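Undergrad: here is the input, now give the coordinates:
(2 chains)
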Amino acid sequence: MKYVDEFRDGLTARLIAEQIRQEASGQREYRLMEFCGGHTHAIFRFGIHDLMPENLKFIHGPGCPVCVLPAGRIESMIRLVEQENLILCTYADLMRVPAGRSTHKGDSLQKARARGADIRMIYSATDALNIAQANPERQVIFFAIGFETTTPPTAAILKIAKAMELKNFSVYCNHVKTPPAMAHILASGEARIDGILGPSHVSTIIGSEAYAECCHTYHTPLVIAGFEPLDVLASTLMLVRQINEGRAEVENQYTRAVSKHGNEKACALITETLEQRALFEWRGLGELPDSAMQIRPEYAGFDAEKRFSIDHITADDIKGCICPAVLRGVSKPDACKLFGTACTPEDPKGACMVSSEGACAAYYSFGRFR
Amino acid sequence: MSSSDFTSGVIEMGHGSGGRSSARLIEQLFLRHFDNELLQAGNDFARFEVPAGRMVISTDSHVITPLFFPGGDIGSLSVHGTINDVAMSGAKPLYLSAGFILEEGFLLADLERIVISMAKASRDAGVPVVTGDTKVVERGKGDGVFINTTGIGIVPEGIDIAGDRARAGDAVILSGHIGDHGVAILSSREGLTFNTTIASDSAPLHTLIAGMVALCPEIRCLRDPTRGGLATTLNELARQSGVGISIDESAIPIRTEVKGACELLGLDPLYIANEGKLVAIVPADAAENIVAVMRRHPLGGDAAIIGNVVTDAHQIVVMETAFGGQRVVDWLAGEQLPRIC
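TA: A predicted model of the protein is given here:
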C-alpha cells in the first residue's frame, strides 16, 4: 500500500536497528518513554522489541485517550443517561472502559447500553450533531474525549451547533493536553526516563515547539515520531544520539506531517470555543493543573456539565488494578496480579486493557507468550 | 386470490397469521421464486430419497445491518453461508430450508428483492430451498428481516474432514483475499461514511471444495473464516487440534483498498469477516497440487500457502511479520472497535 509499505520495509528496519545497536553499545541503559499508545501498539504489532539491544527499554506512557479518563467521569455519564431520556454519543473505544464500583459492579457504557440506555457509537463528532438534528425532541450529549488530536472536531461542532441554534445538543468536554502530562511525569521522577518518543498526531495540531519548555526544564530529549515502525526506529536512533551527545532538544522525525507551530487554524478554533480548565483528574496521574480544556462561557449553552449540573464523582478503580502505575511508566502490565487472569480484553478491569492503544492490551495481545 | 402489493405494500401481522394473506404471500413470493417440485408439493415438509452414506447438517441465522450491501444482501448471504458450512465437511450440499422472521411494516418490495436474490443464489449453486417458514413479529420486535437457513449434504466416501485433525508439518492454505466482506459491510453502514469499491466476497464454495477433495481426500481441516476473520479461524483450529500454527504475513493476500480502510479505522484485517473464503489444512506434500487446482477455480484464483502447523503445547498462532519481527495472533477480544486516534 502506497505511503504505508515504504514505512514498513523490513530491510531498512534491520539497517536502522543495526545502527541503533552500534551507537547504543556502551554500558549505560537507554530508557525511552513512548508517550502515545499508538507507538506502544506499533512497537508490539511489528515486533520492534526483537530488534532492539538489551540495554534499550521502551517505557509505555499515558497517551491512550480512553486510559487516562477517570472512572468517575464515565460513571457520571452512565447515571445521567439512565436518569434522563437522552441520547449519549461517544467514540467506540470508550464503550468498554470500566466505570467505577459505585453502582453496578464492573459497569461500562456498553453494559449500560445493554440495560437499555440509548448510547450510540459514532465515528465522527459531526455524527453527534446529525443525531441531534434527527431527534429534536430529545437531548443529545456528545461525550468528547481525547488529547489535542480529537479536540478540533469538538471545537468545530460547538461552533456549528451555536450557529444552528440547536437547543437539544451539548458536549461533555473531557479533552486533555499532552505537554502538562509529560511535564508531570518528568517532574515526579518516579520513572527514570532518558528520552521521549513524542506524539505524532497530537503534534500535527500543537506543533513541535509545544514541547520545548518541557524538554528544557527537565533536560530530557524528545523526538516527535510517526506511528509507522520505521518512524519509531528512526526516532529511537535520533534519541540515542541526543542522549550520547548530552543534548536535550525537541527534534522532529515526523516532518511529513508536523511543523513547528502545528495547525494554527485548528488551534484558533480550539481557543475560540474552549479554555483551559484549572484542574482535571487523570486516571493514574491524579489531579493536574492546567491540563485539560473546558467549554468557554460564550458556549455555556452547549456545555453538558452546566446544562445537567453534573457533579464530579470520584470513583475508585478496581482493587488490585495497577493501571495508574502503568500509566505513569512505573510498572509494566505483567506486574499486575489481575493481568491475564481477572483482567483480559474480553473482560477488562482496568482501562489500559480496553483500547488496542492501552499498554496492557498490547502486552496481552502481542506479548504475553514471550 | 388477489395479489399482494409488491410496489408499496408492507408486511402486516396478517401475513403471519396462517390465514389467507399468509397463503397469498407464500404463493406469490416464496413459491414463485424458489420454485421446485418439493416445495410445490405444498406440504409442511420436504420428502426425498437419500443415498446411503454419511450426511451433514448445519444451520445458520442471519441478522445483518444493512440488509443490502455491495456484493450481496441478507438473502444471498443466507444461502452462501449455510452451503459453505455444509461444504466445509467436504460434503456435497443437497437441500436448504429457509425460515423468515419478518417485522411488521417491512417493505414488501425489499422482501421480494431479498427473496429473488436468495432464489438466484440457490439456483446458481444448484442447492434448492425445499421447505420454509414465515413468522411476523410486531413492529419494533425485529430488525426488518431475520433469515435462518439449514442445509443438508452428503459426505463422499473416504473423506474425514474435521477441525481436530491438523498435525505438525501440515500446510495451511488460504483461498484468496481476506477482509472484503467486513469492509464492504462497514462502508455501507449508517454513520460511517467512506466510499470504497470493495464488494462482499459472499459466494458458495462447494464446487471449489469438491475439486480439492477429489484431488486430495486426505485434506485434514476446512473452515470458512467468517466472523472473527482469519485470526479466529486459525486459533480455533489450533485449539481443536492441539497444535500451533505459524503464518507468514507477506503470503496473505489482502487488497490495498481493504488494507487502507483498516489503517484508517484502526482495524486489523486478520479479524475482519469473510463470506467466500476458506482455510484448508492439508498434508504438506499435497499442498502445491491443491493450490494449483484451487487456482483454476474462479473462487480460488488467489489461493496461497500461508503457513504451516507446528508442535506447540500452548496452541498459539504466530505470524512472521513482513517487517521482520514476530507477532502473536491472538483470539479476538469482544468486538473489534475503531480506535480513537
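Undergrad: output the below-cut-off pLDDT ranges for chain B.
TA: Along chain B, segments meeting pLDDT under 70 span B:1-3, B:190-194, B:333-341.
Undergrad: for it, which segments count as helices?
TA: B:20-25, B:32-34, B:37-40, B:74-87, B:108-125, B:180-187, B:206-215, B:229-241, B:256-265, B:284-295 (DSSP state H).
Undergrad: between these, which one is nearest to chain A?
TA: When the helices of chain B are compared by Cβ to the nearest Cβ, helix B:256-265 sits nearest chain A, at 4.8 Å. In this view, the C-beta of every residue, glycine as well, is placed from N, C-alpha and C.
Undergrad: what's the domain layout of the chain?
TA: No chain specified, so I'll use chain A. Listed domain ranges for chain A are A:1-321, A:323-364 (source: automatic domain parsing).
Undergrad: please go with chain B instead
TA: Domain segmentation of chain B under automatic domain parsing yields B:13-155, B:171-328.
Undergrad: out of the ones you listed, deepest packed?
TA: domain B:171-328 (a mean of 20; mean count of other Cβ atoms under 10 Å in any protein chain shown).
Undergrad: mind checking how far A:Ala234 is from chain B?
TA: Per Cβ to the nearest Cβ, to the nearest Å, A:Ala234 is found 14 Å from chain B.
Undergrad: no, scratch that, I was asking about A:Ile270
TA: To chain B, A:Ile270 is 15 Å away according to Cβ to the nearest Cβ.
Undergrad: tell me which parts of the stretch 201-350 of chain A are close to chain B?
TA: Proximity of the stretch 201-350 of chain A to chain B is confined to A:201-202, A:229, A:344-346 under the rule Cβ under 8 Å from any Cβ of the partner chain.
Undergrad: so which residues of chain B form strands?
TA: B:54-62, B:68-69, B:72-73, B:92-103, B:129-137, B:145-155, B:171-174, B:221-223, B:244-248, B:279-282, B:304-310, B:317-320, B:326-328 (DSSP state E).
Undergrad: quick one, which of these is nearest to A:Asp118?
TA: strand B:92-103 (19.7 Å; Cβ to Cβ).
Undergrad: can you tell me what sits against stretch A:150-163?
TA: Under the criterion Cβ atoms under 8 Å, 6 or more residues apart in numbering or on different chains, residues A:65, A:91, A:124-126, A:128-129, A:132, A:142, A:144, A:169, A:171, A:173, A:175, A:205, A:263, A:266, A:269-270, A:272-274, A:293, A:295, A:299, A:301-302, B:340-341 lie in contact with stretch A:150-163.
Undergrad: got it, and stretch A:256-264?
TA: Stretch A:256-264 is contacted by residues A:152, A:200, A:203-210, A:224, A:226, A:252 when judged by Cβ under 8 Å, 6+ apart.
Undergrad: end-to-end on that stretch?
TA: Across stretch A:256-264, the terminal residues are separated by 17 Å (Cα to Cα, to the nearest Å).
Undergrad: closest one of the residues of the stretch 201-350 of chain A next to chain B to chain B?
TA: Proximity of these to chain B (Cβ to the nearest Cβ) peaks at A:Pro345, which lies at 3.0 Å.
Undergrad: how about the secondary structure of the nearest residue to A:Ala359 once chain neighbours are set aside?
TA: Excluding the flanking residues, the one nearest A:Ala359 by Cβ to Cβ, 6 or more residues apart in numbering or on different chains is A:His60, at 3.9 Å. With DSSP: H, G, I helix; E, B strand; the rest coil as the basis, A:His60 sits in strand.
Undergrad: follow-up on the earlier one: which of the residues of the stretch 201-350 of chain A next to chain B count as buried?
TA: A:201-202, A:229, A:344-345 (16 or more other Cβ atoms under 10 Å in any protein chain shown).
Undergrad: and those, which of them are in helices?
TA: Among these, the residues falling in helices (DSSP H) are A:201-202, A:229.
Undergrad: I'd like those residues laid out as CSV, including distance to B:Leu111 and pLDDT.
TA: Listed next are these as CSV, based on distance: Cβ to Cβ, whole Å; pLDDT from 0 to 100:
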residue, distance to B:Leu111, pLDDT
A:His201, 46, 94
A:Val202, 50, 97
A:Pro229, 49, 94
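Undergrad: could I get those as CSV with distance to A:Gly100?
TA: Converted to CSV, those look like this (distance: Cβ to Cβ, whole Å):
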residue, distance to A:Gly100
A:His201, 29
A:Val202, 28
A:Pro229, 37
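Undergrad: for A:Leu11, pull up the helix or strand it's in.
TA: helix A:10-23 (DSSP states H and E).
Undergrad: and the residue of the stretch 1-150 of chain A nearest chain B?
TA: Taking Cβ to the nearest Cβ, the stretch 1-150 of chain A has A:Gly47 as its residue nearest chain B, at 1.9 Å.
Undergrad: residues touching that residue, list them.
TA: By Cβ under 8 Å, 6+ apart, the neighbours of A:Gly47 are B:321, B:323-327.
Undergrad: buried sites along the helix or strand containing A:Ala163?
TA: Assessed by DSSP H and E, A:Ala163 sits inside helix A:151-164. For helix A:151-164, burial by neighbour count (16+ other Cβ under 10 Å) applies to A:151-158, A:161.
Undergrad: how near is the spatially closest residue to B:Ala91 that is not a sequence neighbour to chain A?
TA: Take B:Ala91 and drop its neighbours on the chain: the residue closest to it by Cβ to Cβ, 6+ apart is B:Gly153, 3.5 Å away. B:Gly153 sits 34 Å away from chain A, going by Cβ to the nearest Cβ.
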